[in-house]
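Undergrad: any chance you can model this:
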Amino acid sequence: MGRTNDKSLKEAIEQMLNVYKLKRKFDETSLVVAWPEMMGKAIANRTKDIFIRDRKLFIRMESAVIKNELLMMRTNIIDKMNERAGSKIIDEIIFL
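TA: You can find the predicted model right below:
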């Protein structure tokens, strides 16, 4: 009798990568959802658009003043978000 339950190593690795991709997507989504909680209502209310793509956090603000504040806090925000995700999800912030 053959052991049909045994996955090939290739299958196991592919499955692991898919899970990792899904987890990453989930992490990205949860960071976007957590934006108001992390940054506060004043900033969240002036955030027109926010999304993550290719390890970059894209933010569109309706206030130039707040955009400039966030620019100065850029490194801090990246650290805060990566800490929350529990892994390095974001490398940089792009303001649109």
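Undergrad: so where does Pro11 fall, helix or strand?
TA: Actually, residue 11 is Glu. It isn't Pro. Assessed by DSSP states H and E, Glu11 sits inside helix 9-39.
Undergrad: quick one: that helix to chain centroid distance?
TA: Taking the mean of its C-alpha atoms, helix 9-39 sits 9 Å from the chain's own mean (Cα atoms, centre = their mean, to the nearest Å).
Undergrad: flag every buried residue along it.
TA: By 16 or more other Cβ atoms under 10 Å, the buried positions in helix 9-39 come out as 27-28, 31, 35, 39. For every residue, glycine as well, the C-beta is placed using N, CA and C.
Undergrad: for that helix, packing partners?
TA: Packing partners of helix 9-39 (3 or more Cβ pairs under 8 Å, 6 or more residues apart in numbering; DSSP states H and E): helix 41-45, strand 47-53, helix 74-85.
Undergrad: wait, what's in contact with the residue most central in space within the chain?
TA: By Cα atoms, centre = their mean, the mean C-alpha position of the chain lies nearest to Glu28, the distance being 3.1 Å. Residues in contact with Glu28 (Cβ atoms under 8 Å, 6 or more residues apart in numbering) are 52, 89.
Undergrad: redo the helices and strands packed on helix 9-39 as CSV? Include mean pLDDT.
TA: Shown next, in CSV, are the helices and strands packed on helix 9-39 (pLDDT from 0 to 100):
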stretch, mean pLDDT
helix 41-45, 94
strand 47-53, 96
helix 74-85, 95
